[in-house]
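**Student:** A structural model of the following input is requested.
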Amino acid sequence: MQGLKIDASNIILNLEARTSDAALSELAELMYSNGYVKASYKDAVIAREKSFATGLPTVYCSVAIPHTDIEHVEAKSIGVAVLKDTVPFVIMGEAKETTDVKLIFMLAMDKEDAQLSLLQKLMGIFQNDQLLKTIVNAKARNEIAQVIEQELAET
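**Tutor:** Numbers count the residues shown, from 1 in each chain. The predicted structure follows:
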């Protein structure tokens, strides 16, 4: 993805949260404090997750890809949270069925078409068990940023 720099300051390792709302809230607040999203982003991303769930049961560990409308975004970015313990997220396309999510990729895109192409590129990461394992087990935020950036650049 041309020009998408993954800011390590938007990454949380061992995030402790009991609910999907708490996890989303914490990651959105971090992205807001780093200047990537507007104050309205947190409520918007939580509300959108309730209407359009983003949990994906992938082989190595389940992921969630919450995002919301571009009007809540200051600058395009991705926030990443590696959860200490899994948190149930409703599965994309389902009404109630959940999957226990270990990784959250929170998307903040400033153009509608950018979101779709980014999602397609991220799917490549989600289908690669080795990459997911590397991200989950990373000891440093910049290690995660480098892995994701490299994958997005190659696809």
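**Student:** OK, contacts around L107?
**Tutor:** By C-beta atoms under 8 Å, 6 or more residues apart in numbering, L107 lies in contact with I65, P66, H67, I78, Q115, L118, L119. Bear in mind the C-beta positions are built from the backbone N, C-alpha and C, glycine included.
**Student:** can you rerun that using 6 Å?
**Tutor:** Each residue near L107 by C-beta atoms under 6 Å, 6 or more residues apart in numbering is listed here: H67, I78.
**Student:** what helix or strand is it located in?
**Tutor:** strand 98-108 (DSSP states H and E).
**Student:** for that strand, what is the average pLDDT?
**Tutor:** Strand 98-108 shows an average pLDDT of 97 in the prediction.
**Student:** any idea how far A95 is from the residue nearest the centre of the chain?
**Tutor:** When the chain is reduced to its mean C-alpha position, the closest residue under C-alpha atoms, centre = their mean turns out to be F105, at 1.1 Å. As judged by C-beta to C-beta, to the nearest Å, F105 and A95 stand 23 Å apart.
**Student:** ok, and the closest non-adjacent residue to the residue nearest to the centre of the chain?
**Tutor:** Spatially, and ignoring its direct neighbours in sequence, F105 is nearest to I65 (5.0 Å; C-beta to C-beta, 6 or more residues apart in numbering).
**Student:** next one: the one you found from A39, what distance?
**Tutor:** 22 Å.
**Student:** list the buried residues for the strand holding L107?
**Tutor:** By 16 or more other C-beta atoms under 10 Å, the buried positions in strand 98-108 come out as T98, T99, V101, K102, L103, I104, F105, M106, L107, A108.
**Student:** export those residues to JSON lines and tack on distance to I91?
**Tutor:** Below are the buried residues of strand 98-108 laid out as JSON lines (distance: C-beta to C-beta, whole Å):
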{"residue": "T98", "distance to I91": "6"}
{"residue": "T99", "distance to I91": "5"}
{"residue": "V101", "distance to I91": "10"}
{"residue": "K102", "distance to I91": "14"}
{"residue": "L103", "distance to I91": "15"}
{"residue": "I104", "distance to I91": "14"}
{"residue": "F105", "distance to I91": "16"}
{"residue": "M106", "distance to I91": "17"}
{"residue": "L107", "distance to I91": "18"}
{"residue": "A108", "distance to I91": "23"}
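**Student:** which element follows the helix or strand containing L116 toward the C-terminus?
**Tutor:** Per DSSP H and E: L116 is located in helix 112-126. Going down the chain from helix 112-126, the next helix or strand is helix 129-137, by DSSP H and E.
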